[in-house]
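Engineer: When you get a sec, could you give me coordinates for this:
(2 chains)
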Protein chains: 2
Amino acid sequence: MDYYSKQINRLVSELASLPGIGAKSAQRLAFHILNMPTENVEQLSVAILEARNHVCYCKECFTLTDDEICPICANQERDHDTIMVVENSRDLAAYEKTGKYTGVYHVLHGAISPMLGIGPGDIRLKELLQRLQKDAAEVIIATNSSLEGETTAMYISKLIKPTGIKVTRIASGVPVGGDLEYIDEVTLLRALEGRRVL
Amino acid sequence: MDYYSKQINRLVSELASLPGIGAKSAQRLAFHILNMPTENVEQLSVAILEARNHVCYCKECFTLTDDEICPICANQERDHDTIMVVENSRDLAAYEKTGKYTGVYHVLHGAISPMLGIGPGDIRLKELLQRLQKDAAEVIIATNSSLEGETTAMYISKLIKPTGIKVTRIASGVPVGGDLEYIDEVTLLRALEGRRVL
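Structural biologist: Okay, the predicted model is just below:
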């Protein structure tokens, strides 16, 4: 790549190192940035650096935040006795977008995966158990519906059940709007197992 | 979006303002950046700012570069009498990747588009004519094969023909590996018109 000059090449290769951005997109983004007003470029550059420099884990739920306590844990109007366990901050955001969940969260930052060598000690499980020593009414396990997510859910439920705290798992089944014809068999069986009386 | 904290929200919205990056990708990128080593984040941030601050137009061919003269125009081994006219620096890079073109370029930074109100005065046409006052043997018009690109090609050829310099246009036809069945009629007709004796 010596058809651009040095600084442009460097920008293209930095952008191309980000996930989901290939060589073509990196070029397109680079030239977009080169044509942006300087002040917008400064804003972008500063936002990247500042976010990285200020980010830390919420002391309560371990989501990524730039305060000591994240906005959700700091909100006294939320139900602090209901804790939803999620794999990462993006999953937290996905449930927040529904606008209907009023409890708090616990972010594990991963899931148990013997394949990848990630054990229970590598995710924020110890911190969850510590939280549960204070009063908690229900733990909702909302890890992904993947092999790792299910393993983690099983593991957590076995850990918590002896404490007498209610442990639930979000439902697995046919997505709303989903056409049965195109849904895999495992999901169809899950949906059947999870059927409810109307 | 108040489920992330301030700095993270700011990063997400800055990233989402880039072309081709939607809300989901912006979140994914933001969390990737938050998990990157600090020194890599600094490199990214600096690359963005430095590239924007140092970028300028090559005095010869008007491509984006950070030198006074771009590496291609500065290369004395290239044929400076053959000038390929392209719409933007990415198109220049596309031809450079072939590795077979040994001439130089002229970057218009746009194409004539009455629809968008872009006239001949809004692209680097005057600069092309000035370059041609020095000796030039051939001008290869490699604007896109779109309505705007074709309009621009016609306009340029009419401007240059009276000077006696040879003006050519890159061929339009069926792309290599293309299946005739899936190619639009206009392209098929172009390919027919441009047929050659074997």
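Engineer: could you check the angle helix B:38-54 makes with the biggest helix by length in chain A?
Structural biologist: Taking DSSP state H as the criterion, chain A has its longest helix at helix A:38-54. If you take axes from the mean of the first three to the mean of the last three Cα atoms, to 10 degrees, helix A:38-54 sits at 170 degrees to helix B:38-54.
Engineer: Give the buried residues for helix A:38-54.
Structural biologist: A:Val41, A:Leu44, A:Ser45, A:Val46, A:Ala47, A:Ile48, A:Leu49, A:Glu50, A:Ala51, A:Arg52 (16 or more other Cβ atoms under 10 Å in any protein chain shown). For every residue, glycine as well, the C-beta is placed using N, CA and C.
Engineer: Which strands and helices lie in contact with that helix?
Structural biologist: Taking 3 or more Cβ pairs under 8 Å, 6 or more residues apart in numbering or on different chains; DSSP states H and E as contact, the helices and strands that helix A:38-54 lies on are helix B:6-16, helix B:23-35, helix B:38-54.
Engineer: Show me the strands in chain A, by range?
Structural biologist: Secondary structure of chain A (DSSP state E): strands located at A:56-57, A:64-65, A:79-86, A:103-107, A:138-141, A:166-169.
Engineer: Could you chop chain A up by domain?
Structural biologist: A:6-50, A:76-197 (automatic domain parsing).
Engineer: By mean pLDDT, which helix or strand of chain A comes out lowest?
Structural biologist: Every helix and strand of chain A was ranked by mean pLDDT, DSSP states H and E. The lowest is helix A:185-193, at a mean of 83.
Engineer: contact partners of that helix?
Structural biologist: Contact partners of helix A:185-193, identified using Cβ atoms under 8 Å, 6 or more residues apart in numbering or on different chains, comprise A:Ser172, A:Gly173, A:Val174, A:Leu180.
Engineer: Show me which of these are buried.
Structural biologist: Applying 16+ other Cβ under 10 Å to the contacts of helix A:185-193 flags A:Gly173 as buried.
Engineer: got a markdown table for the contacts of helix A:185-193, with pLDDT and distance to chain B too?
Structural biologist: As requested, the contacts of helix A:185-193 are arranged in a markdown table below (pLDDT from 0 to 100; distance: Cβ to the nearest Cβ, whole Å):
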| residue | pLDDT | distance to chain B |
| --- | --- | --- |
| A:Ser172 | 84 | 22 |
| A:Gly173 | 85 | 23 |
| A:Val174 | 82 | 22 |
| A:Leu180 | 79 | 26 |
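Engineer: which stretches of chain A have low pLDDT?
Structural biologist: A:1-3 (pLDDT under 70).
Engineer: From the centroid of it, which residue is nearest?
Structural biologist: Computing the C-alpha centroid of chain A and ranking residues by Cα atoms, centre = their mean puts A:Asn88 first, at 2.5 Å.
Engineer: And it, its phi and psi?
Structural biologist: Main-chain torsions, A:Asn88, degrees, to the nearest 10: phi -150, psi 170.
Engineer: okay, now A:Ser89: neighbour count?
Structural biologist: 26 (other Cβ atoms under 10 Å in any protein chain shown).
Engineer: just checking, it touches A:Phe62?
Structural biologist: No. With contact defined as Cβ atoms under 8 Å, A:Ser89 does not count as touching A:Phe62 (9.0 Å).
Engineer: Can you pull the residues that touch both of these two?
Structural biologist: A:Val107.
Engineer: residues contacting the residue nearest to the centre of chain A?
Structural biologist: Here A:Asn88 is in contact with A:Val107, A:Leu108, A:His109, A:Gly110, B:Phe31 (criterion: Cβ under 8 Å, 6+ apart).
Engineer: quick one: which of the residues you listed is nearest to A:Met84?
Structural biologist: Ranked by distance to A:Met84 (Cβ to Cβ), the contacts of A:Asn88 are led by A:Val107 at 9.7 Å.
Engineer: hang on, the earlier thing: want to try CSV for the contacts of A:Asn88, with neighbour count and distance to A:Ile140 as columns?
Structural biologist: As requested, these are arranged in CSV below (neighbours: other Cβ atoms under 10 Å in any protein chain shown; distance: Cβ to Cβ, whole Å):
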residue, neighbour count, distance to A:Ile140
A:Val107, 26, 13
A:Leu108, 25, 13
A:His109, 17, 18
A:Gly110, 17, 18
B:Phe31, 21, 22
